[in-house]
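Visitor: What shape does this take:
(one chain, ligands or ions: 1)
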Amino acid sequence: MTTAADKSSEQLSRWKTSLNLALTSEGLKALGLPAEALETFPTEFREGMSSRADILGDSDENAPERWEFGGTSGPASQDEIHLLLMLYGTTEAEVSSLADAQRSRLAEGGLRELAFQRTARIRDDKGGVVEHFGFRDGISQPRIEGFREAKHEAPDGVGAIKMGEFLLGYENEYAEVPDPPVAPAALDVEGVLAAQEHRPDWKELGRNGSYLVVRKLQQDVDGFHHFLEAHKSLAVGETDEHKKQWLAAKLMGRWPNGAPLRPGEDVPPHRSSGRGNGHDNNFGFNEKDQDGYGCPVASHVRRANPRDALPPNAQMSLQATRRHRILRRGITYSDESGKGMFFIAVNANIARQFEFLQQTWLNNGKFGGRYDERDPLMTHGAGRLTLPRQPLRRCVEGIERFVTMKGGGYFFLPSIRALDFLARLPY
Ligand code: HEM
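Guide: Residues are numbered from 1 along each chain as shown. So this is what the prediction gives:
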């Protein structure tokens, strides 16, 4: 396991490979965690992603019956999956040799490999990370209070978010420290877990852990480009390429080079560096773009983080949005099954963070006062996107499906102590 515990960030950045693991509720059970302890994990985690399909809008083509893993049937169904191994390296060869080594260890330990997904970052000509539709990605991440030195932090118009939104056992954005999942103290023979203050018979299994949301999201890149071609007459720009870029940016909510969309700007501002430079994330919508003349209200990015634009006012909006942030750690993939995003989100409360985002913001037809408009890129059958414009607004119709859900799950990311405890459980 790769741990940051006693490594400086300089040493960490020199590491070539890293390994992490996360467990499903079935996995915890298989390791011997008793039911009374499992019950202290939140419902959505215990039920698993495929059982939450109604909430997540995973129906029709996206239904769990059709997933490659984590779905309702097949050899890699939700109930069969116990753990997720995440193997990282700087080259393909490094990852392959790490995978081979892990495979033989897994086999020795009596585990079977149910699914394997190779992923790789793709970069544009300036070295910035991009996703398959051609947009710079990984720009907007929540800043976490107490996590990094302030000098490394770029302003984002939102401010630092409480640690408890991402790690269990810390204060969250409600100024509360929710009880993390616990285990009976009697099982902690070696005394590796912290005691729970108000219940001495229990130990804190969840403290310093978190939850991972994993979704394999296939992107129809050709379909996306055909759509832009077919609808470019609605767009603004001097050439066809400019028009398609403009339209793509309005659907996503940022320019492909990562720059924010601002009212009155119909061409992307020039960007010289491959990295997000802080300025790219230091904006709100309330003051200058409440109606979405720059960044459409229903676009992906504005739905995923409405920042200061929600009613009744900017301050309350920021307070609300800070309770629904996720840490995105997705990586692109491309293989014989297609191309897409291997979406990974870290959050302390799956229902209030990831699920809320998906259900109440991305898939909600009435979001931001719209009528029957959904996330134009992420939602199946989003229908249309309204682009306010003077003298007349424009309406992009016929948005079908650019992203298809192929598999996923909810995982518990244990702390090192919790792993130690779990590894010692009698089973
Ligand atoms: C194929 C799948 C997806 C693609 C290609 C994609 C692409 C992008 C891109 C290009 C950005 C802008 C860059 C940035 O701000 O870092 C972005 C931002 C974001 N996306 Fe996605 N996304 C996908 C799925 C999702 C899903 C499923 C969710 C949540 C349920 C999500 C949540 C977010 C959030 C929270 C932001 C940051 C918004 C902000 O803080 O301004 N994305 N996405």
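
Visitor: State the distance from Phe41 to Met405.
Guide: According to Cβ to Cβ, to the nearest Å, Phe41 and Met405 sit 24 Å apart. From N, CA and C alone the C-beta is placed, and that goes for glycine too.

Visitor: With neighbour numbers in mind, choose between those two.
Guide: With neighbours defined as other Cβ atoms under 10 Å, Phe41 and Met405 compare such that Met405 has more, 27 against 20.

Visitor: Spatially nearest residue to that one, not counting backbone neighbours?
Guide: Residue nearest to Met405 in three dimensions, not counting chain neighbours: Asn62, with 3.9 Å by Cβ to Cβ, 6 or more residues apart in numbering.

Visitor: Quick check, the one you found in contact with Thr404.
Guide: Yes - with contact defined as Cβ atoms under 8 Å, Asn62 counts as touching Thr404 (6.1 Å).

Visitor: between these two, what contacts are shared?
Guide: His380 (Cβ atoms under 8 Å, 6 or more residues apart in numbering).

Visitor: Tell me which of the two has more neighbours.
Guide: Asn62 (21 against 17).

Visitor: With the ligand as the reference, measure out to that one.
Guide: 11 Å (Cβ to the nearest ligand atom, to the nearest Å).

Visitor: Can you read off the pLDDT for that residue?
Guide: pLDDT, Asn62: 96.

Visitor: What is the burial count for Ile122?
Guide: 16.

Visitor: Also Ile326?
Guide: Ile326, neighbours per other Cβ under 10 Å, totals 23.

Visitor: Quick check: it touching Val346?
Guide: Yes - Ile326 is within contact range of Val346, at 6.9 Å (criterion: Cβ under 8 Å).

Visitor: Find residues that contact each of those two.
Guide: With Cβ under 8 Å, 6+ apart as the test, Ile326 and Val346 both reach Val213.

Visitor: related to what we said a few turns ago, quick one: contacts for the residue nearest to Met405?
Guide: So, once contact is read as Cβ under 8 Å, 6+ apart, Asn62 ends up touching His380, Thr404, Met405.

Visitor: Leu377 too?
Guide: Phe133, Leu251, Met252, His300, Phe402, Val403.

Visitor: For the nearest residue to it once chain neighbours are set aside, grab the count of nearby residues.
Guide: Excluding the flanking residues, the one nearest Leu377 by Cβ to Cβ, 6+ apart is His300, at 4.8 Å. Residues lying near His300 (other Cβ under 10 Å) number 23.

Visitor: For His300, give me phi and psi.
Guide: Its backbone dihedrals place His300 at phi -60, psi -50, with angles given as degrees, to the nearest 10.

Visitor: I figured it hits Pro376, correct?
Guide: Yes - applying Cβ under 8 Å, one finds His300 in contact with Pro376, separated by 6.9 Å.

Visitor: and for these two, which residues touch both?
Guide: With Cβ under 8 Å, 6+ apart, His300 and Pro376 have common neighbours Leu251.

Visitor: so how far is the first residue of stretch 347-358 from its last?
Guide: 14 Å (Cα to Cα, to the nearest Å).

Visitor: buried residues in that stretch?
Guide: Asn347, Ala348, Asn349, Ile350, Ala351, Arg352, Gln353, Phe354, Glu355, Phe356, Leu357, Gln358 (16 or more other Cβ atoms under 10 Å).

Visitor: which other residues reach it?
Guide: Under Cβ under 8 Å, 6+ apart, the answer for stretch 347-358 is 42-45, 52, 55-57, 164-168, 172, 178, 210-211, 213, 304, 323-327, 345, 410.

Visitor: and that stretch with the ligand, contact?
Guide: Yes - interface with the ligand: stretch 347-358 contributes Phe354, Leu357, Gln358 (Cβ under 6 Å from any ligand atom).

Visitor: And the average pLDDT for that stretch is what?
Guide: So the average pLDDT for stretch 347-358 ends up being 98.

Visitor: Likewise for stretch 97-105?
Guide: pLDDT averaged over stretch 97-105 gives 94.

Visitor: try stretch 36-49
Guide: 98.

Visitor: Could I get the pLDDT score of Phe285?
Guide: pLDDT at Phe285 comes out at 96.

Visitor: One more: the one 4 residues further on?
Guide: At Asp289, the model reports a pLDDT of 96.

Visitor: Phi and psi next, for it.
Guide: Per degrees, to the nearest 10, the backbone of Asp289 is at phi -140, psi 40.

Visitor: Settle this for me: it is touching Gly264, isn't it.
Guide: No - taking contacts as Cβ under 8 Å, Asp289 lies outside contact range of Gly264: 9.7 Å.

Visitor: Compare the two (neighbour count), which wins?
Guide: Taking neighbours as other Cβ under 10 Å, Asp289 and Gly264 compare with Asp289 leading, 22 against 8.

Visitor: so what's that one up against?
Guide: Here Asp289 is in contact with Leu261, Arg262, Pro263, Cys295, Ala309 (Cβ under 8 Å, 6+ apart).

Visitor: how about a cut-off of 6 Å?
Guide: For Asp289, the contact set (Cβ atoms under 6 Å, 6 or more residues apart in numbering) comprises Pro263, Cys295.

Visitor: Not counting its neighbours along the chain, what's nearest Met1?
Guide: Leu19 (6.0 Å).

Visitor: ok, so what distance separates that neighbour from the ligand?
Guide: From Leu19 to the ligand the distance is 25 Å (Cβ to the nearest ligand atom).

Visitor: Counting neighbours, what do you get for that residue?
Guide: Neighbour tally, Leu19, other Cβ under 10 Å: 15.

Visitor: For the ligand, what's its nearest residue on the stretch 151-300 of the chain.
Guide: Leu217 (3.9 Å; Cβ to the nearest ligand atom).

Visitor: Quickly list the domain ranges of this structure.
Guide: 9-47+81-209+413-423, 214-406 (automatic domain parsing).

Visitor: Please identify the deepest-packed of those domains.
Guide: domain 214-406 (a mean of 18; mean count of other Cβ atoms under 10 Å).

Visitor: What does the nearest residue to Asp220 once chain neighbours are set aside show for phi and psi?
Guide: Nearest residue to Asp220, sequence neighbours excluded (Cβ to Cβ, 6+ apart): Phe402, at 5.2 Å. Per-residue torsions, Phe402: phi -110, psi -20 (degrees, to the nearest 10).
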